[in-house]
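Q: structure for the following, please:
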Amino acid sequence: MIFIKEIKDYAWQIKSFDSEDWMIYFIWIGLMMGLFFSVAIFLYTGFSNGVKYPAYVWNIPLGILTFALAIGFDTIGHRTTYKEELKKAEALVHHITIFAGITSTILLCLAYSFPVFLRIPCAVLIFLSVLYSVIDEGFHWHRYWRLKSDRVEMTSHFFIFVGHMTMIFAWWKWFDEGYLGVKETLTAMGF
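A: Okay, here's the model as predicted:
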């Protein structure tokens with residue numbers, strides 16, 4: 001019950017958001033929910049037109065949704081309680097991680113048309129997104145050890161990892177196996 005209260009208190013910090021906090025929150029969460037809905041709609045369109053995807057493909061929207069919900073919580077603390085602490089070093093690591101994560105996903109999409117050329121850049125950016133996520137996690141655990149973080153933030157980071165790794169590794173496998181079902185889905189969509 002104590003942890004439930006901590007989650008509630010953490011979430012209620014959102015009431016102290018200023019206009020910049022709300023803008024950043026909506027852009028960040030909106031970006032991830034946009035990715036979720038675009039992937040889910042694409043896959044559902046194929047599925048509803050008889051496309052048989054490998055079962056692991058459904059891990060992509062599941063991972064994105066897990067990630068989006070986790071950052072929905074994590075970002076509240078980042079924009080309130082830990083805002084000043086993050087400016088010391090973690091903000092730069094966050095930006096690098098976000099850049100590597102977004103560009104790896106964009107390149108994985110583009111790799112449908114340019115698989116040979118983009119294979120190595122995709123692998124590099126996926127690796128860097130994971131590496132910088134681990135570095136970021138080190139910062140968070142160090143803050144937690146110094147009592148400058150809390151269980152809710154650390155739990156949200158666990159689910160950020162689960163979501164990100166589930167999404168990106170399923171997506172890489174899909175790409176690596178030739179994007180099974182994508183051609184049929186694009187045909188069903190009129191492309």
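Q: would you map the helices across the protein?
A: For the chain, applying DSSP state H gives helices covering 2-12, 19-48, 59-79, 83-86, 90-110, 115-145, 151-176, 182-188.
Q: and the fifth one, how far out from the chain middle?
A: Right, helix 90-110. 9 Å (Cα atoms, centre = their mean, to the nearest Å).
Q: the residue nearest to M189 when sequence neighbours are not counted and L31, how far apart?
A: Spatial nearest neighbour of M189, chain neighbours left out: T45 (5.9 Å); criterion: Cβ to Cβ, 6 or more residues apart in numbering. In this view, the C-beta of every residue, glycine as well, is placed from N, C-alpha and C. Relative to L31, T45 is positioned 21 Å away (Cβ to Cβ, to the nearest Å).
Q: how far off centre is the helix-or-strand element of the chain with minimal mean pLDDT?
A: Least confident helix or strand of the chain, by mean pLDDT, DSSP states H and E, is helix 83-86 with a mean of 84. In terms of Cα atoms, centre = their mean, the centre of helix 83-86 is found 21 Å from the chain centre.
Q: only C-alpha atoms, please: export it in CSV.
A: The C-alpha trace of helix 83-86 is given here as CSV (Å, rounded to 0.1, in the frame of the first residue of the first chain):
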residue,chain,number,x,y,z
LYS,A,83,14.4,18.8,-12.8
GLU,A,84,17.5,20.6,-11.4
GLU,A,85,19.3,17.4,-10.6
LEU,A,86,19.0,16.2,-14.2
